[in-house]
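# sequence unavailable; structure follows:
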């Protein structure tokens, strides 16, 4: 069974939205799928999870 997903609402700069749309299209993914993918990759970085 796939993990459940939750809907969220965020505000992004229009230039970021356009760039993500372009990258998602190049990768043959939806906007949402692409954001999920890059966030998962970002969170894998052990330095991200360090407390400062």
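Thanks, I have the structure now. Everything numeric here is computed off the predicted structure, so don't read it as measured data.

# ok, residue 33 to residue 47 distance?
Distance, residue 33 to residue 47, by CB to CB, to the nearest Å: 25 Å. From N, CA and C alone the C-beta is placed, and that goes for glycine too.

# let me fix that: residue 17
For residue 17, the distance to residue 47 equals 27 Å [CB to CB].

# so these two - more neighbours on which side?
It is residue 17, of residue 17 and residue 47, that has more neighbours when counted by other CB atoms under 10 Å, with 12 against 5.

# show me what the helix or strand encompassing residue 35 is packed up against.
Here residue 35 sits within helix 31-44, counting by DSSP states H and E. Helix 31-44 sits against helix 14-26, with contacts defined as 3 or more CB pairs under 8 Å, 6 or more residues apart in numbering; DSSP states H and E.

# re the thing from before, pLDDT averaged over the helix holding residue 35 - what is it?
Helix 31-44 shows a mean pLDDT of 93.

# only the buried residues of it, if you could.
With burial defined by 16 or more other CB atoms under 10 Å, the residues of helix 31-44 counted as buried are 34, 35.

# that one versus helix 14-26: what angle between them?
With axes from the mean of the first three to the mean of the last three CA atoms, to 10 degrees as the basis, helix 31-44 and helix 14-26 are set at 100 degrees to each other.

# can you list contacts of helix 31-44?
20, 21, 23, 24, 27, 29, 48, 49 (CB atoms under 8 Å, 6 or more residues apart in numbering).
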